[in-house]
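Undergrad: any chance you can model this:
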Amino acid sequence: MRLHEVVDLATSDAPPDGNTIDDIVGKGRRAQRRRRAGFAGAGAALAVVAVSAAVTVPSIFGGTEQSTLPPAAAPSVATANKAEAATWEFPADPFQFTFKAFDAGRWHVADPIVASTSYQIASVYLDGRTSNDRAATEEEVAEMEENLNKKMRGEAVPEKPTIYAYLVVYRPGAYDPAKLTGATKLTVDGREAYQVGGPGNGGMTRRTLAWQYEADAWAVLEAHSNSEEDPSDAELQKIVSGLKPSKAEPATLPFTLDYVPAGYQPVELGSHAISGLNGIAGARGGDYGGAIFANPAPATTGLVEPYGGVDGASLPGSFEIFVVPQSNSNQTTGNTTIKCGNGFCTHRSEDGKTSIQVASDGRLSDGEMTKILEGLTLKNVKDDSTWANAADALK
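TA: As a prediction, the model looks like this:
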């Protein structure tokens, strides 16, 4: 499932209907009531960000009134890196975070929440533009419905300033800037850099800035804005000087596993989010964690974007684990009984407040997915101190 296709999925076994006006608005209503990691239809994948999928939905609905900052303001560069490592660390265990939140001009980079065998990802916010990385409220959905109907009647609807942005920090050798088509070579803050821009999904303008932050190691700011002028080139480049190393800290997960099918290796995780760019698109949605396993594992070199691309497509030969609040899941099982269908299995925690899912798009049998769930031990999702280091959780 791609980010521009995740406005909503129904809970029935049939694939979603066509996206008429009523379909889109109806789906939006359902989504804002239960922002979730849910599935529907044969082979359907994760419905990640409800009506707030930032790549395309803002251009359809005109955006939502959401803060441009994470729940807690990001610390300054000096504060974030005080008493921490002055040089970059590249641990053998890649599931560690080696930078922290920082500010740079109008940019506010949050702590990274996604780690893979090749990179880390953090959400990025820009003063003056909203970031739709949580589900819409009832009021926001009503406004979306009104604006959509106005547009379909040919009436002018003011477009709210919207952005979807994230920072990817690649391990040495993982990123290949030569694959960044049409880019202009620059020097930014004394570092080799490449910049490119152009049309993105859903009428958004896509801007990419890649720079070499350490020998053979690249960082990439990706921004999708409904303005061609904001961020400007100068604003885009301010982020370069803000990125600093911090002491490596293991990513943590709210679960451990006793069983993984033979041949599958962990390749990506989300901590306080589901995995990958789908997790970044729903960064403030309150999800607890997730992981992707693949057989074979994807390449860790020659990349030009995170696994699954900007649309968050499923990795070939992969299965995913999702641990999310029950309110973020559209699955109907209300107890610890494991229920399977359409390429995924799901159940609830003992208290019924947490949904735990495994999805494989049919690559694994129901029996294998059930075995994964039976071997999953859930931590206290509200207490990070109980969470397991990723290296231990995913082994």
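Undergrad: how many neighbours does residue 233 have?
TA: 14 (other C-beta atoms under 10 Å). (Glycine included, C-beta is placed from N, CA and C.)
Undergrad: helix/strand/coil for the closest residue to it other than its chain neighbours?
TA: Using C-beta to C-beta, 6 or more residues apart in numbering and skipping the chain neighbours, the partner closest in space to residue 233 is residue 195 (6.9 Å). Classification of residue 195 using DSSP: H, G, I helix; E, B strand; the rest coil returns strand.
Undergrad: and residue 195, how close does it get to residue 234?
TA: 11 Å (C-beta to C-beta, to the nearest Å).
Undergrad: same question, residue 215
TA: Looking at residue 215 against residue 234, where the rule is C-beta to C-beta, the gap reads 27 Å.
Undergrad: please say which of residue 195 and residue 234 ends up with more neighbours.
TA: Comparing residue 195 with residue 234 by other C-beta under 10 Å, the one with more neighbours is residue 195, at 19 against 8.
Undergrad: for that one, give me its contacts.
TA: 183, 184, 186, 207, 208, 209, 210, 233, 236, 237 (C-beta atoms under 8 Å, 6 or more residues apart in numbering).
Undergrad: cutoff 6 Å now
TA: 184, 186, 209 (C-beta atoms under 6 Å, 6 or more residues apart in numbering).
Undergrad: can you pull the pLDDT of it?
TA: Listed pLDDT for residue 195 reads 97.
Undergrad: repeat for residue 1
TA: At residue 1, the pLDDT recorded in the model is 33.
Undergrad: surely residue 91 meets residue 248?
TA: Yes - counting by C-beta atoms under 6 Å, residue 91 touches residue 248, with 5.2 Å between them.
Undergrad: endpoint to endpoint, stretch 183-203 covers what distance?
TA: 20 Å (C-alpha to C-alpha, to the nearest Å).
Undergrad: typo on my end, stretch 325-345
TA: Taking C-alpha to C-alpha, stretch 325-345 runs 16 Å from one end to the other.
Undergrad: buried residues, that stretch. List them.
TA: Of the residues in stretch 325-345, 325-331, 333, 338-340, 342-345 count as buried by neighbour count, 16 or more other C-beta atoms under 10 Å.
Undergrad: nearest to residue 105 among the residues you listed?
TA: Distance to residue 105 across the buried residues of stretch 325-345 (C-beta to C-beta) is lowest for residue 328, with 33.1 Å.
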